[in-house]
Structures are given as structure tokens and as C-alpha cells.
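Enquirer: what's the 3D shape of this:
(2 chains)
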Amino acid sequence: MAEAEADVAVPPRDQPAPSARTKEAARRARRHRRSVRLGPYAFVAPFFLLFAAFGLFPLLYTGWASLHRVELTAPGEMEWVGTRNFTRLLDDAFFWNALGNTITIGVLSTVPQLVMALGIAHLLNSRLRGRIFFRVAALTPYATSVAAATLVFVLLFGREHGLVNWVLGTAGFGPVDWQNGTWSSRLAVSSIVIWRWTGYNALIYLAAMQAIPDELYESAALDGASRWRQFVHVTLPGLRPTILFTVVVSTIGATQLFGEPLLFNGGAGATGGADHQYQTLGLYLYEQGWVNHHLGRASAIAWAMFLLLLLIGAVAWLLRRRET
Amino acid sequence: MGDVPAPAADRRGGVAAAPEGDLMRAPRAGLITYAVLAVVTVGSLFPLVWTAIAASRDTTRLAQTPPPFWFGGNLPRNLRIAWTDANLGEALLNTTVVAGSVAAGTVLFSTLAGFAFAKLRFRFGNALLMVVIGTMMVPPQLSVVPLFMLIAEVSWTDRLQSVILPALASAFGVFFMRQHLSRALPSELIEAARVDGASWPRVVWHVVFPAARPAMAVLGMLTFVMAWNDFFWPVIALTQNGSPTVQVALAGLGRGYIPDQSVIMAGALLGTLPLLLVFVVFGRQIVGGIMRGAVKG
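Expert: Here you go, the predicted structure:
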């Protein structure tokens, strides 16, 4: 760590002419003290240097860029336009469409995901043979990348020969156009999110369930509460902070949805379906910035996303405050 | 679920019956529990198994009804095409470099910073920690435009450092290590080392690292998985023609650079297999890490 070499040059002040050995010892002790004092900063320095360059600076600069016209082809030339990027968003139908889709797909993916995770956690919380196997299996989709998962689901949701439609067909239902239908495609995109994250959330709930004190279950059982009633009256209240936590985290994830809608329509690129029916804000940002080359407008969309997140954060904070 | 609640005395009784403390009170799983969990397991694993099945067929078979449910003989051919023609071999190498460097760097920097935040008092320490925690909420979209302008400025587009360096500043990692070290590292140990006049490198090497090792391993695995699967920023910073990660290459496949579905599935399989192997070997630890992080985080 940053040993203070400059220390050597500083002459000793307090001790008048001690022997060479005590001088040497004093210098060592001072150097040690100084290194003890500076050490903490040396420990946090690598993180904060990287953070300043690649985290904080871009964060602040986005605000600046959003007030300019910046082209992808010449990112060095910025032309001041004031708030025009923002005012244009307000009467941009595609922006409102993307905002609506983000919320819709967010609800479609987050609600079933968390409800299922809760049920699975409850099952995993019983005395099981092979419970490590069940836990690892539930988490496996988390190891699968957005890209790989979406490519597989595109094939599974194929209209003519997809497996999902084949199953529906054998059950007597007509084929569904998962790529082009408005709600069917949103459902299909949501299902990828649900598949990847349910097991992860189940494990988080499981951890919280195991932290609920035994005594609560014991007294409930003594009162003759069934397992279901124990779940409703002991487990759920005990999990409330964790549930709020997962709701916030999943919602943050949902506002940033990008890879699934980008890859779900194969070659069509960033439009999010032929009718933009599943174009999310993240995808719209990408389209404006890297397809249409308007980096300034992309920054404005980024700020809109951030405002949305702040709103969600404020709601969560209010809910939590009401609880305590 | 269908089980009769066990009498309280019985549930308390068995350390022998429930070998791990966390399950002492839990009721024994009934048939219905196993059945539902089996369905969940099939649902979790099926898309991956089916990826392998589709990767072992040829495209004409994939375009027939009903879809294939068992393996065919085309896996070597499809893997070879994905590996060489779609350049996934090179992409896998790039991804290994990226995920490996990000995991190693994140673990090192997070451990050092987490140690300082957990055990050392210094001016602005608390304020800096608040900055770290605050930025965990900020979405990556908010910095992506300036980040792109930055790497364009220094001509790093298509270079791997453009995806490695920004990922090293992990607020989550710092927070994770701080939580672990505030419990796992006794303050007296550091005091003692200091009184003995040990230099910081010695303290870090002989006191901090040994105490941090289990958490470092978990953070390393989680970071590796995240870096391997990272998509949003790499798709912007790296192109097909430069040195893509496997995710960027897969996105290219999906956009139809190679129209052969079975080859695309072989690519998806190649991009997933390394992490699946990590999961088979370290699954228990990864599960434990996620559950531990959930309670403390």
C-alpha cells in the first residue's frame, strides 16, 4: 500500500540530537503511524478510482449530454439544445408506448414470479430428501444468460412448429402467434424473465423463512393452527420485509428489461416487435442511441428511466415507513 | 399442503432426525411436496435440456411437428460450425478473459475496500460508504451514453478492457465483503497486528485474506456468473467484427447471421455449458452464498 517514502526527507522536530539508533527507531515508529493512518484510504482507493472514472463521471455527464444534440458518428461534437430532448419525448408516441410496455411486462413478469417463488420456498422449507439438488435445480436458470435463454424461448414459442403451440394443439387450442400478437408476445417475453428469476427469488425467501424463530411456529401449532394457517399467520408476516425487498429489486430489474425484447424478434432489431408491442424503455434507449444515432435523446430516455425508478423507490420507502 | 401438522413436542425433538439446524422445526415433506418440486425442477431444467436436444438435430427436423424430444446425431457438426464459422470459440475465450479478470479484480478491490469499511475508522469513511450503497440503486442505463463516448474517445470500442474496467467498480461487492468481514474478522486481531508493528500488506495477507476467504470465493463465483452473462453494455461496446463476448456473438446469431436454427442452439449450448459446469461443481456454495447475502443484505 502507499508507504510514505517522502517521510524520509522530513527532519525530526521534537527530539534534539538523539543517538542514531533512537532516531532511526523514532522515524520508523512515525512512518508506521502514518501508514496506519493512510492505510484505509489506500484500501478504498482502487475501488473509488474506478468508480469515479466509470461510475460517477458517466452518471453526471448523462445529464449534460441530455441537454445536447450528440450524434453517434461524432460523439465529440455536442450542440446545445437545452431541454429539447426532453420536450420531444413528451409528445413522442413511441416513448409512451415503451413506458407502457415496460410497466405491463414488468407486472406480467414480476407478480407471477414472486408468487411462485414464495410457494416454492415454502415447499423447499420442509424436511426433504435431496434438498440441495432441488435448490440447485431451481437456481440453474439463473446461470443461463439472457441471450441463450431468449434464443431457446424464441424456438419454443415458434408459431408453426414451436413446442408450446404443439402442446396447446394437442390440448385442443389453436396456434397462438407468440411473435406478433400484442398480449401473447408480451406474455412470452415475460415468461423468459419468470423462468430465469423465480428460483433465485425462491432461495431468498427460503433464507428469510429459516430466520423466523421456531417458537412462533410452536405456539401456533399448540393453538392448533394448520400448516396453511401457519403459513398465512406466521410465515407471511415474518417475510414482509423480504417480500418488499424482492418487489423493489425485481421492479428495478423490470424497468431495465433489454435483452429479452431485443432478441425475441430475431432479425428485426430494436423495434420490439412489428408493432413495437414489446419495445421497452431500455430497448427504446438503445434504438434511439445506437440505431438512430441520437445519443442526446438516448440520455434523456435514461433520465426518464431513472425518474421512474426514483418514483418506485419513493413508493417502497413510504410503504416501509407506514409499516414501522 | 396435505400434511398433518406434527405435534409440537415431536417437532422440537429431533436433532438426529434433522441433521442440519435450519430444518429442525420443518415438517417432513409429503408426496405432494415432492410432486410439485419435481414439476418445478422439470420446468427449470427443461429449456436447457431441450437446447441440447435441438443442438443435436438438424434444422429441417426442428421445423417439423411434433418437435423432437430426444437427441439426434448432429451435435458434433453443429458445434463445429458454431465454433469456427460463427467464431464462438474466439468469443468463449474472450468471455473467459473478461469474466475471469472481472471476478479476480472485483474480489480483490472489494475485499480491500470492504475491510476498510468494516474495521477501520477514517475521516469520510461513513460518507464514502453511503456513496457506495447509494449507487447500488442507479441503473446501468444512466451511464451508458457517456461511457460509450468515453471509450470512443480513447479508441477502446471492440477492446475487451472496455467491458472489464467499468465492471470492476462493484458497489455490491464492497458491501458484501463489508458485511462478511464485520462479523468474521475480530477487531482484536487487527489491533494486535498493529501493536506488533505489522505493515498493512502483512495484515492484509495474514489476517484479512484468511478471514475473508469463504466470502471471497462466493463473491468470486457470483461475479463470474454475472460478468459471463452481462449483456447490455457488451452489446453496445463490442461488435461482431471486433472481439465479442459469447453473449454478443449469440445476439448476432439470433439476428440471423447464421440462419441455421440447430447451429444457433449449439451456440446457445456453448455459451451456457461452462457456467452449468460451474454450477454442478459449486452449486451448493452458490446457493449458500445467495441465501446468505439475502439475509444479511
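Enquirer: Work out which residue lies at the spatial centre of the chain.
Expert: Just going to use chain A. A:G253 (3.8 Å; C-alpha atoms, centre = their mean).
Enquirer: should've been chain B
Expert: Geometric centre of chain B, nearest residue: B:V225, 2.4 Å, by C-alpha atoms, centre = their mean.
Enquirer: wait, it sits on B:L275?
Expert: Yes: assessed by C-beta atoms under 8 Å, B:V225 is found in contact with B:L275 at 6.1 Å. C-beta: built from backbone N, CA, C; applies to glycine.
Enquirer: which neighbours do these two share?
Expert: Residues touching both B:V225 and B:L275 (C-beta atoms under 8 Å, 6 or more residues apart in numbering or on different chains): A:A143.
Enquirer: tell me the contacts of the residue nearest to the centre of chain B?
Expert: Counted by C-beta under 8 Å, 6+ apart, B:V225 has contacts A:142-143, B:275, B:278, B:286.
Enquirer: Any chance of TSV for those, columns secondary structure and distance to A:E218?
Expert: Listed next are the contacts of B:V225 as TSV, based on DSSP: H, G, I helix; E, B strand; the rest coil; distance: C-beta to C-beta, whole Å:
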residue	secondary structure	distance to A:E218
A:Y142	helix	34
A:A143	helix	38
B:L275	helix	41
B:V278	helix	40
B:I286	helix	32
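Enquirer: rewinding a little: look up how far B:S155 lies from the residue nearest to the centre of chain B.
Expert: 30 Å (C-beta to C-beta, to the nearest Å).
Enquirer: What are the boundaries of the strands in chain B?
Expert: Shown for chain B, no strands are assigned by DSSP state E.
Enquirer: which stretches of it have low pLDDT?
Expert: Applying pLDDT under 70 to chain B flags residues B:1-27, B:257-258, B:293-297.
Enquirer: Just give me the neighbour total for residue 80.
Expert: No chain was given, so I picked chain A. 9 (other C-beta atoms under 10 Å in any protein chain shown).
Enquirer: I was after chain B.
Expert: 13.
Enquirer: got it, and A:E160?
Expert: 10.
Enquirer: three-state assignment of it?
Expert: Classification of A:E160 by DSSP: H, G, I helix; E, B strand; the rest coil places it in coil.
Enquirer: Quick check, it in contact with B:P67.
Expert: No: applying C-beta under 8 Å, one finds A:E160 not in contact with B:P67, separated by 10.7 Å.
Enquirer: give me phi/psi at the nearest residue to A:T83 once chain neighbours are set aside?
Expert: Leaving aside its chain neighbours, A:T83 sits nearest to A:L67 (6.9 Å; criterion: C-beta to C-beta, 6 or more residues apart in numbering or on different chains). Phi and psi for A:L67, reported as degrees, to the nearest 10, are phi -100, psi 10.
Enquirer: so how far is A:G82 from A:L67?
Expert: 6 Å.
Enquirer: out of those two, which sits in the busier spot?
Expert: In terms of neighbours (other C-beta under 10 Å), A:L67 is the more surrounded of A:L67 and A:G82; the figures are 18 against 9.
Enquirer: rewinding a little: give me the element the residue nearest to the centre of chain A is part of.
Expert: For A:G253, the element it lies in under DSSP states H and E is helix A:236-255.
Enquirer: Can you get me the centre-to-centre distance for the helix or strand following that helix and its chain?
Expert: Next along the chain after helix A:236-255, taking DSSP H and E as the criterion, comes helix A:259-264. From the chain centre to the centre of helix A:259-264 is a distance of 16 Å (C-alpha atoms, centre = their mean, to the nearest Å).
Enquirer: now stretch A:91-101: mean pLDDT?
Expert: Regarding stretch A:91-101, the rounded mean pLDDT is 92.
Enquirer: So what touches that stretch?
Expert: A:89, A:186, A:272, A:276-281, A:283-284, A:301, A:304, A:308.
Enquirer: Okay, and which of those map to helices?
Expert: A:89, A:186, A:281, A:283-284, A:301, A:304, A:308 (DSSP state H).
Enquirer: tell me the two of those that are most distant?
Expert: Based on C-beta to C-beta, the longest span within the ones in helices among the contacts of stretch A:91-101 runs between A:L89 and A:R186 and measures 22.2 Å.
Enquirer: neighbours around residue 165, how many?
Expert: Unless you meant another one, I'm taking chain A. A:N165 - counted by other C-beta under 10 Å - has 22 other residues nearby.
Enquirer: try chain B instead
Expert: Neighbour count of B:L165, defined by other C-beta under 10 Å: 17.
Enquirer: contacting residues for it?
Expert: B:L165 makes contacts with A:50, A:53-54, as judged by C-beta under 8 Å, 6+ apart.
Enquirer: And B:T223, how close does it get to chain A?
Expert: From B:T223 across to chain A, the span is 13 Å (C-beta to the nearest C-beta, to the nearest Å).
Enquirer: Pull the number of nearby residues for that residue.
Expert: 24.
Enquirer: Confirm that A:L50 sits in a helix.
Expert: Yes: counting by three-state DSSP, A:L50 is part of a helix.
Enquirer: if I look at the residue nearest to the centre of chain B, how far off is B:T106?
Expert: From B:V225 to B:T106 the distance is 12 Å (C-beta to C-beta).
Enquirer: cool, B:P201 as well?
Expert: Distance from B:P201 to B:T106, by C-beta to C-beta: 20 Å.
Enquirer: Next: B:G89.
Expert: 26 Å.
Enquirer: the more surrounded of these two?
Expert: B:T106 (29 against 16).
Enquirer: before we move on, the earlier item: so which of the ones in helices among the contacts of stretch A:91-101 wins on neighbours?
Expert: Within these, most neighbours by other C-beta under 10 Å means A:Y284, with 30 neighbours.
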